[in-house]
Structures are given as C-alpha cells and as structure tokens.
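Peer 1: Task: produce atomic coordinates for the following.
(chains A and B)
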Protein chains: 2
Amino acid sequence: MKKIKVGLLGLGVVGAELADIINSNKENIKQKYEIEMEIGKAYVRDLQKKRNTDISPSCLTNSAEEVLNDSDIVCECMGGSGTEITKNYVIRCIESGKPVIMSSKKVIALYGKDILDLCLSQKSQIRFDATVGGGIPIAKVIKECFKGERITKAVGILNATSNYIYSSMERKGYTFGQALKKAQELGYAENDPTEDIDGFDALYKVIVLSLFAMKSWVNIKEMYTKSFSTIDLIDMKYAEELGYKIKPLAIFEKKDSKFIYRVGPCLIAENHIAANVTNNFNIIVFEGSNSGKLGFYGQGAGSKPTASAMYDDLISVLKTNFEYEMDLYKGCEVIHDYREFSNNLYWRVSVDNTIGKLALICNVFAKNSVNIEKVIQKDEVGGKMDVVLLTNSVESTVIDLITREFENNKVDVNTIIPFFND
Amino acid sequence: MKKIKVGLLGLGVVGAELADIINSNKENIKQKYEIEMEIGKAYVRDLQKKRNTDISPSCLTNSAEEVLNDSDIVCECMGGSGTEITKNYVIRCIESGKPVIMSSKKVIALYGKDILDLCLSQKSQIRFDATVGGGIPIAKVIKECFKGERITKAVGILNATSNYIYSSMERKGYTFGQALKKAQELGYAENDPTEDIDGFDALYKVIVLSLFAMKSWVNIKEMYTKSFSTIDLIDMKYAEELGYKIKPLAIFEKKDSKFIYRVGPCLIAENHIAANVTNNFNIIVFEGSNSGKLGFYGQGAGSKPTASAMYDDLISVLKTNFEYEMDLYKGCEVIHDYREFSNNLYWRVSVDNTIGKLALICNVFAKNSVNIEKVIQKDEVGGKMDVVLLTNSVESTVIDLITREFENNKVDVNTIIPFFND
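Peer 2: Residues are numbered from 1 along each chain as shown, chains lettered A, B, ... in the order given. Sure, this is the predicted structure:
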C-alpha cells in the first residue's frame, strides 16, 4: 500500500485539529484510496509546549526544512506567525515540488500572485481553500460547481469578529467599545483587534474570493476600506427605524469591465438574507449569470472548520494524484480599473436646535445637486438634535465639499454610511 | 478530437436552456477537455411545436429509443411527463450502459433505490444533482466537500411555491387562497398546485437530500407531512407577536440512530437564517460535525438554474471519463426506524367569551401533563375570542386526546403548528 506523509508547518489550534482529523480518518483513506496517510514531522517553535493532539514527541521539530524533506505533502498552519516567514516556507515547498495546502489568507492576499506564478512555472500544486470561508466550502463550490456560470457580483459578511460585535451592539445595546471588550473576553476578538475591526481580514478574504470567483488579482492598497469601528449604536437604531440594518459588509462587483471593491459598515435592507446573519456567522451571496443569487452561510472561522477545509484540500491532492492542476489560475487578470463605490447614503448630522437649521442642511444638499430621499429629525437632547438623512449616491469629492460646508455652518457630521443596494 | 453526442429526453424549458448552455460552451469544452460536444437527438412529443432553442428540426424525434441509440450521454429533462414513462426510459439508458443525467426528482424519490441498484449492478453512471436545489449546488457541495464531516441534521425551505405564498401572505396580508391565486397568475404556482402546497415536492427533495447527506433511503409513505395550506394569515400575525415566523419547512435529523422526517408549516425563531428567506428562494441549513451550521441559499427551481446544474453534471461525466463512480450510493441504508417529530407546539383555539373558558383550556392541558409556556388571549371578535398557547412537546396521541376534549367542551381547535427548535 502506498504511503503518504503529511508534514505540518505549525501545530497550533488549526494544526492540532487537522492532525486529529487525519488520524481519525486513516481507515477511510485506506479503504477509499488504498493509501496509508500519516503525519510525518510537525514544525513548532516550542518543542516542550503541550499539544492538543496525540502526536509523538519525535515528530516535533523546530526546523521547517526537516518537515519539508520528510513529507510528501505540506500543510501550512502557521496562523499569525509572520507573513514573511510563512511566505518563504511556502516558496521553499513549491521550489522543491511538494504540494502545499495553506491556511494563511494574509500570505495569499499579499503575495499570492508571486506564489501562484511560481506554481504555474514549476507545475507544482497549491491549495488554499481553507483561507476563506472556514467551514463554508466556498472555494470548492466556486471551483467545482458553477461550470456554466459567470459571477459578476458578491456581497458578504466575511469577518466574524466584527459581525459578533455588531450583533451584540444590536441585541444588548452595547457601544462598539463595550461590545469589543466583551468579544475579547469571550475569545471572539484578539487582544490586538486591528486586523479584524479595521477591515483587513475581510479585505484579504475578498482578494482570495475575487481570485476564485472572477480570476482577478486585486491590490489591497487600491481597495476601499472603512473601519467597522466607525459606527455608533445610535446609527443602528436609526437604521432600524428606516427598515435597514448596519452590517460589516464586503462587496465586490464587475460592472462595465470596471471593478468595485469595498469593505466597511453598510446599510442593508432588513429583509436581505445577509441582514439576518448574526454573531460569529458569515455569509457570502453571489450573483450568478444563470442561477441568480446564491448564498453560502456558516462559521467562517474557527480551528475545526478551517482544519476540516484543509482536510478537504488534502483529499483533493490525493484524488488528483498529486498532479499539477492549476488551470484555474492561468490568465488571471490584475485589476487596475477601479470604479468608485457609489450608492445611496445615510447621513447623521447634529445641530443646535435653532430656527433655520433644517433649511440650511437641505440647502447644502440642494446646492450640490444631491437629492434627499428621507429625513428624520430627532428630539433635542442637551441642546443638540440629530438629523438623519437618506440621499442618493454622491461621489467622494462631493461628499468632501458637503462635509466642509456643514462644518463651516456648525453642522456636525457624525456618520456617513453607504447603502448596499441589491 | 473526440466527439461526444448528448441526447435530450424532453425539450421543454429545461431542455431548451440546457441545449443553449451546451451550445454556448462548445469552445470552452474543446479547449479544456479536447472534446467536441454537441446535441445529438432530442425526444419531443410534438415535432411541430416551436422550440425556445436553436436546434435543427432533423434532431427532433418522437422516439426515445432513437435518442438513446444516437447518444453517448442522455439528459433526462422530461418535466411532468409522467413518472412511469420517465423511469422506464431511464432504465433503458442504464441497461444500455449510457451515462444518464436526470432532472426529475419525483422519479428518483419514488424509484431511486431500484434505479441506483441497477446502476450499481451494471456499473453504469447516473447523476441527478439537478433534482434538488435547482441552482443551489447542494448535491455537489455534499459530494465534493465535507470529506471529514458527518451531517446529522438539516432544516430547509425546499419548496419555492409555498414560500412565495407564505411571503406574500406576510407582506400583503393575503389569505392562503388569495396568495395562491396570485402565485398562479404570476407563474409561481401550477394550475394544479397539489404537489407543491401539499408538501410532496418538498418530500421528494428531502428523500434525495437524505440520500446524499446521510446515505439513507426513506419511504415517502413513512414521512410525516402536513399540507402547507393548513395555516391562516392570523397565525402568521400571532407568531410574529411571539417573535417567530411561520415557514414551509422540511426537516430531517438522525438522533440516537432513529430518524425524524417532517415536511409542513413550522414556527421558527425570527432571527434564524431560514426565517428570513422569502419569495421564491430556498435555503438548506445542515448541521456538520466539524463546521456546525452550514447554509445554502438560492433559487431552488426555475429552468435556467436546473439546466445549469445539469450542465455541471455533464462536465462531471466528462471529467470522470464516463467511468462508473457510484461509491457514494454503495451501502445506502433503508430507514425503518422513524421517531416522532416532537417539539414545542403553537395552538390557536377559539371560544365564546364567557367566564371560565381560559380555566377550562388550561385544565385540559394540565390534566394531560402538558406545560403551557405562554398564553395570549386576544380581543373578542363577533362573540368569539382567540387564545394562543405555546406548550412543550406533546405526542400525537396526546394531541388527539386534547383535541377531542376541547371539541367536547366547545373549544374550537383552529391550528396546531410545531416549532422548529434549533
């Protein structure tokens, strides 16, 4: 019987779960593929640390090179161990012709093009379905299904941490800061939550998804991002009064051969499927040319789901007999033609409760040719009152003009949030 | 270059769409698989009828046998052309060793076991991913992903017609009858809507899904069904007051090696993802052993999505080189051990507005050891008043007892609806 050794780069929570899944499916693999699959070496930084999986100490090493030399397939489960280091290990694997299965989305998002170009020239196999969607088999779905479909648009909630925070704001009336603190206590947010709440994690995932769905490479620097932390609880309440929810959305779209990429808070109609995805759940809704809207929902993060997705990748390597299968990435296009995300806007401004203030606000919009679709003037609190306005879409230069004019006239602009118009 | 002829059984809306997809992807197929794929013969009943696709009249035949003899792969797009006839054609194809791609879920649901047994013994290939989910690639997802997962539970909205009807009741305040009529006018419901609104269509889909997800064959006669038409608009309103929605659900679950299958109206928490699936959309939410809840959302019916799913099946036949690939169906278990679906219940009864009536109702429940979790007594209308009660789960024999006792005491039992408890 053929023997296959799986090497692990990293044995943190994901690596340990993956080891468990591999061990508990040994018999299956024997029966199905006539292959004896076993864990070879595992690269760890601390040889003494207790591991959450049943692995012999002799398998542990702190030489990544040793893992590489010993294995037939390498699984990268490096977590947050530095993207440069991870990238270099992965490149070493590719150069030596070993199939690699990756879990670090940031590495793919930042260095993916170089990595894939290398794979294409080396005819080496790489799989990274686990980098996006966690347990939601979104990459597999795009690759295995949709043969006759073109995907032109997608909206998703891709960051579990910010969705968890927004959900607990909505349900428990926490401020963003309070909700973040709770999320940290419960382990849903990191001690340094920047990557999650400032939208980077979602951006990385959008880059990978866009690669799978539209064969397009995006440069992270050219994508529009707004931190998820820029909304207040009161905005959620006002949005709800208007029939909307505020959600931490990621959007990409191809329109007239230009592209829109956006990550940030967005208003979305309360009856949209994504508006009702709460807690640590993710969703991604594609627009397919034949099938219309297609949504995929589940826990987008977590060590078990990620390990499960990596295991699927492992099986795919077996099923393809380790052979080069990279057609998907041939001819991927690097996007330069971005289009501004323009959509209806939600504005919350506040003013002194004096005569003529509403007229002033309305005049500023009118002067800049912006149509107001809805206004709610709220009760005065402490001499100030909130005015909430929904307007049609406005270009960013015009937003700046209006904001400046408001500031000159003592109208505080508290929040501007775009709508996701389906 | 290798030539492949695809024969079509049926050239209605699905067949015509499939022909279009095949024709428009010819170049793709040539490049990717070095195969020239073309439509061979198409079986139609009326040779004169105008077709929605560009097909030469010489390809049309009203002999199914001719299609079979002429083709390398047969696609069954018979629609509602009689399950017996369709079954027989499919069996002829299998006997002659030709791969078959099916779209008729009813045929699989009723005769699937015999058909698959024949395929297993003949080592012939059959694919029927398009029979469930329409454009939602649910069968592919289960077969291609989830390698390390066990699916133990699923809840779904599988019938687009009834979901459309429920949605327009909810939004527009129609009665079930009015909403059905509207749906028929708009083409969302058939002239004879029985299969959809009495739950058969959903049952067929549950049978196919259960086969994919749990390798279990269910007998349609042993599944619990209640017609979707058994609810009133007022129940939707009351459910909403209680924080629930009423949805046309299909549920299956494996619990302690017994099985629960149920199709019918159900109360579901308003923040559950399935509660917010409206109009003609479907969803299916699985419980996976590693990944937790996984939901798949989209248009579960329609000719384009179905044809697109059949096309995916066609590509799978090419990719597997026409080879027998039926391991999925080996050792499928025929289920005999059903378990009663027991869950919390919603009761709407109505009584004359006289002293002691509520006491009477409560006493009947207490006598039968049923715990009341919530009661709302509504205003009197025309001498009668509605009482809505939420109780714990009650076995069907006890429901009958209580119902009889209510009837003897002039308490009208209007509706009993189970909850879906997540």
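Peer 1: What helix or strand is A:Phe212 located in?
Peer 2: Assigning secondary structure by DSSP states H and E places A:Phe212 in helix A:200-214.
Peer 1: other SSEs contacting that helix?
Peer 2: The contact analysis (3 or more Cβ pairs under 8 Å, 6 or more residues apart in numbering or on different chains; DSSP states H and E) places helix A:200-214 against helix A:105-122, helix A:138-144, strand A:151-157, strand A:216-217, strand A:244-255, strand A:258-269. The way it works is simple: take the backbone N, C-alpha and C, and place the C-beta from them, glycine included.
Peer 1: what angle do it and strand A:244-255 make?
Peer 2: 40 degrees (axes from the mean of the first three to the mean of the last three Cα atoms, to 10 degrees).
Peer 1: Helix A:200-214: how far from the chain's middle?
Peer 2: Put simply, helix A:200-214 sits 7 Å off its chain's centre (Cα atoms, centre = their mean, to the nearest Å).
Peer 1: any chance of the helices and strands packed on helix A:200-214 in CSV, with mean pLDDT too?
Peer 2: Putting the helices and strands packed on helix A:200-214 into CSV (pLDDT from 0 to 100) gives the following:
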stretch, mean pLDDT
helix A:105-122, 93
helix A:138-144, 84
strand A:151-157, 93
strand A:216-217, 90
strand A:244-255, 94
strand A:258-269, 93
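Peer 1: Out of the ones you listed, which is closest to chain B?
Peer 2: Closest to chain B of these is helix A:138-144 (Cβ to the nearest Cβ; 4.6 Å).
Peer 1: Report how many residues lie close to the closest residue to chain B within the stretch 1-150 of chain A.
Peer 2: Minimum separation of the stretch 1-150 of chain A from chain B (Cβ to the nearest Cβ) falls at A:Gly135, amounting to 2.8 Å. Residues lying near A:Gly135 (other Cβ atoms under 10 Å in any protein chain shown) number 27.
Peer 1: ok, now A:Asn368?
Peer 2: A total of 15 residues lie near A:Asn368 under the criterion other Cβ under 10 Å.
Peer 1: Is it correct that it is in contact with A:Val398?
Peer 2: Yes: counting by Cβ atoms under 8 Å, A:Asn368 does reach A:Val398; the two are 5.5 Å apart.
Peer 1: Let's see the helix holding A:Phe212 as CSV, backbone CA atoms only.
Peer 2: Presented in CSV, the C-alpha positions along helix A:200-214 are these (Å, rounded to 0.1, in the frame of the first residue of the first chain):
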residue,chain,number,x,y,z
PHE,A,200,-8.0,44.0,6.8
ASP,A,201,-9.1,40.4,7.5
ALA,A,202,-12.2,41.0,5.3
LEU,A,203,-10.0,42.6,2.6
TYR,A,204,-7.7,39.5,2.5
LYS,A,205,-10.7,37.3,2.1
VAL,A,206,-12.2,39.5,-0.7
ILE,A,207,-8.9,39.2,-2.5
VAL,A,208,-8.9,35.4,-2.4
LEU,A,209,-12.6,35.2,-3.3
SER,A,210,-12.2,37.6,-6.2
LEU,A,211,-9.4,35.3,-7.4
PHE,A,212,-11.6,32.3,-7.3
ALA,A,213,-14.8,33.9,-8.5
MET,A,214,-13.6,36.4,-11.1
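Peer 1: average model confidence for it?
Peer 2: The average pLDDT within helix A:200-214 is 94.
Peer 1: Which positions in the stretch 251-400 of chain A make contact with chain B?
Peer 2: Contacts of the stretch 251-400 of chain A with chain B, taken as Cβ under 8 Å from any Cβ of the partner chain, map to A:271, A:273, A:275-278, A:281, A:283, A:285, A:288, A:290-299, A:302, A:304-305, A:307-308, A:311-312, A:315, A:327.
Peer 1: Where does the residue sitting furthest away from the middle of chain A fall, secondary structure wise?
Peer 2: In chain A, counting by Cα atoms, centre = their mean, A:Ile355 sits farthest out from the average C-alpha position, at 46.2 Å. Using DSSP H and E, A:Ile355 sits within no helix or strand.
Peer 1: do the same with the one 5 residues further on
Peer 2: In this assignment (DSSP H and E), A:Leu360 forms part of helix A:357-367.
Peer 1: what's that helix packed up against?
Peer 2: Contact here means 3+ Cβ pairs under 8 Å, 6+ apart; on that basis helix A:357-367 packs against strand A:345-352, strand A:372-381, strand A:384-391, helix A:396-408.
Peer 1: Contacts only, for the spatially closest residue to A:Thr230 that is not a sequence neighbour.
Peer 2: Distances taken as Cβ to Cβ, 6 or more residues apart in numbering or on different chains place A:Pro265 nearest to A:Thr230, at 6.4 Å, with adjacent residues excluded. Residues in contact with A:Pro265 (Cβ atoms under 8 Å, 6 or more residues apart in numbering or on different chains) are A:Lys226, A:Phe228, A:Thr230, A:Ile231, A:Ile246, A:Lys247, A:Pro248, A:Leu249, A:Ile417.
Peer 1: at 6 Å what do you get?
Peer 2: A:Phe228, A:Ile231, A:Ile246, A:Ile417 (Cβ atoms under 6 Å, 6 or more residues apart in numbering or on different chains).
Peer 1: Which residues are in contact with the residue of the stretch 151-300 of chain A at minimum distance from chain B?
Peer 2: Closest residue of the stretch 151-300 of chain A to chain B, Cβ to the nearest Cβ: A:Ser291 (2.7 Å). Residues counted as contacts of A:Ser291 (Cβ under 6 Å, 6+ apart) are B:Gly135, B:Gly298, B:Pro305, B:Ser308.
Peer 1: In terms of distance to chain A, which of those ranks first?
Peer 2: Nearest to chain A among the contacts of A:Ser291, counting by Cβ to the nearest Cβ, is B:Gly135 at 2.7 Å.
Peer 1: could you check the distance from the closest one over to A:Ala154?
Peer 2: 15 Å (Cβ to Cβ, to the nearest Å).
Peer 1: do A:Glu65 as well
Peer 2: From A:Glu65 over to A:Ala154 the distance is 39 Å, taken as Cβ to Cβ.
Peer 1: out of these two, which sits in the busier spot?
Peer 2: Taking other Cβ under 10 Å, A:Glu65 and A:Ala154 do not tie; A:Ala154 has more neighbours (23 against 12).
Peer 1: Need the nearest residue in space to that one, chain neighbours excluded.
Peer 2: Here the residue nearest A:Ala154, using Cβ to Cβ, 6+ apart, is A:Phe286, at 4.9 Å.
Peer 1: and the angle for the helix or strand where the one you found lies with strand A:244-255?
Peer 2: Assessed by DSSP H and E, A:Phe286 sits inside strand A:281-288. With the same axes, to 10 degrees applied, the angle from strand A:281-288 to strand A:244-255 works out at 40 degrees.
Peer 1: Strand A:281-288: partners in the sheet, and parallel or antiparallel?
Peer 2: strand A:151-157 (antiparallel), strand A:292-299 (antiparallel) (DSSP bridges).
Peer 1: Centre of the chain to that strand, how far?
Peer 2: 11 Å.
Peer 1: pull the CA atoms of it into CSV?
Peer 2: What follows is strand A:281-288, C-alpha atoms only, in CSV (Å, rounded to 0.1, in the frame of the first residue of the first chain):
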residue,chain,number,x,y,z
PHE,A,281,-21.6,33.7,11.4
ASN,A,282,-20.5,34.6,7.9
ILE,A,283,-22.4,34.7,4.6
ILE,A,284,-21.4,35.3,1.1
VAL,A,285,-24.1,35.9,-1.6
PHE,A,286,-23.0,35.7,-5.2
GLU,A,287,-24.9,36.8,-8.3
GLY,A,288,-24.6,34.1,-10.9
